[in-house]
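A.B. asks: the following comprises the amino acid sequence and a computationally predicted model.
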Amino acid sequence: MRKRYTLYITKVCNLDCSYCYELDKSSKNLSNSELEKNIDFIFSNASNKDDIEFEFIGGETFLNMDGIKFACNYIETKYSDFRITRYIATTNGTIYSKDIVDFINSKKVFEIGISIDGNKIMHDSCRHFKSTRKGTYSIVAENSKKFLKELKVEPIVTMTVHKLNIGSLFSGIKSLYNLGFNLINIGVNKTDIDDRFVKLFIEHHKQICEYILNQERPLKLFPMMEKQKSISIQTRLKGNDINNSSIVDVYEEATSLDDDRISADLKMYYSMIIQTNKVWTNMGENYERK
Ligand code: SF4
């Protein structure tokens, strides 16, 4: 069985996005002893019969690259009898270095997920630098091109869709595709789903599919709607006090949005279009992650 475990690597972030879920972005990074404690807890709930995916999230994960390196080394040394099939670090895309690229490329199964909310206007309306309040699109786009070129495992981009930008979904996906991304994750804010959202979500998906059919490169879309359960163990800091940080959440969750109003229509559409092999998705019967 595939299981995904989530490790908060830092609460520190250089951005101040308008929809940020992380209220405290001022704390220090987790110390090595905190990471050890949290990783030990995660593995006390894991089985060496499972395919284990390890996800690093933040804050901005690349602000604690030393923590990521330490965690990987600790996992591979202490838990070498477990099968790690994937590491994935989520990043806001504002930080790039050769050291980051070299480390990720030194791991066979390390992917990064970059958060970009579609095109420049959409992205910059929500995702700003904390210090200057300026939009981050330009630097994220520039770094994304470097990551796409230099990383051995192709990066995936996540676009968050909510009620304010759903009307620009097609434009956003087209912009990400033209930036060079072939793997696009559409994150949906469940609380924004109403009849208007559903109507636009489906209409824009049809436009995306029609657009891609006339392009050279295929597109892999992950609309985060398949019915699939996975175990997620999250380790978080408690409050601001790094010394009192500990693991607080252990729960089972659906990894994806499960909304029948959307999935019925989209599945029907995808079942027709998927035969072309131009648009690949995790919806419908052809689902198989490659
Ligand atoms: S990148 Fe944005 S959403 Fe992510 S932690 Fe930083 S401020 Fe929050």
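C.D. replies: Here it is on my side, so go on. Residues are numbered from 1 along each chain as shown.
A.B. asks: now the longest helix seen in the chain: average pLDDT?
C.D. replies: With DSSP state H applied, the helix covering the greatest number of residues in the chain is identified as helix 195-213. Helix 195-213 shows an average pLDDT of 82 in the prediction.
A.B. asks: next: stretch 135-148.
C.D. replies: Taken as a whole, stretch 135-148 has an average pLDDT of 98.
A.B. asks: can you give me how far that stretch is from the chain middle?
C.D. replies: Shown here is stretch 135-148, whose average C-alpha point lies 16 Å from the average C-alpha point of the whole chain (CA atoms, centre = their mean, to the nearest Å).
A.B. asks: next one: stretch 170-188
C.D. replies: Computed by CA atoms, centre = their mean, the chain-centroid distance of stretch 170-188 equals 13 Å.
A.B. asks: repeat for stretch 146-158
C.D. replies: Put simply, stretch 146-158 sits 13 Å off its chain's centre (CA atoms, centre = their mean).
A.B. asks: endpoints of it, how far apart?
C.D. replies: Between the opening and closing residues of stretch 146-158 we find a distance of 17 Å, counting by CA to CA, to the nearest Å.
A.B. asks: what parts of the stretch 51-200 of the chain come near the ligand?
C.D. replies: Taking CB under 6 Å from any ligand atom, the part of the stretch 51-200 of the chain that reaches the ligand is made up of 58, 59, 60, 92. All C-beta spots, glycine's among them, are computed from the backbone N, C-alpha and C.
A.B. asks: can I get these in TSV including pLDDT?
C.D. replies: Shown next, in TSV, are those (pLDDT from 0 to 100):
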residue	pLDDT
58	85
59	89
60	95
92	97
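A.B. asks: which one of the residues you listed is nearest the ligand?
C.D. replies: Nearest to the ligand among these: residue 92, at 3.7 Å, using CB to the nearest ligand atom.
A.B. asks: is that closest one in contact with residue 15, as I believe?
C.D. replies: Yes: contact between residue 92 and residue 15 holds when scored by CB atoms under 8 Å: they sit 5.4 Å apart.
A.B. asks: list residues touching both of those two?
C.D. replies: Any residue near both residue 92 and residue 15 by CB atoms under 8 Å, 6 or more residues apart in numbering counts here, and that gives 60, 127, 136.
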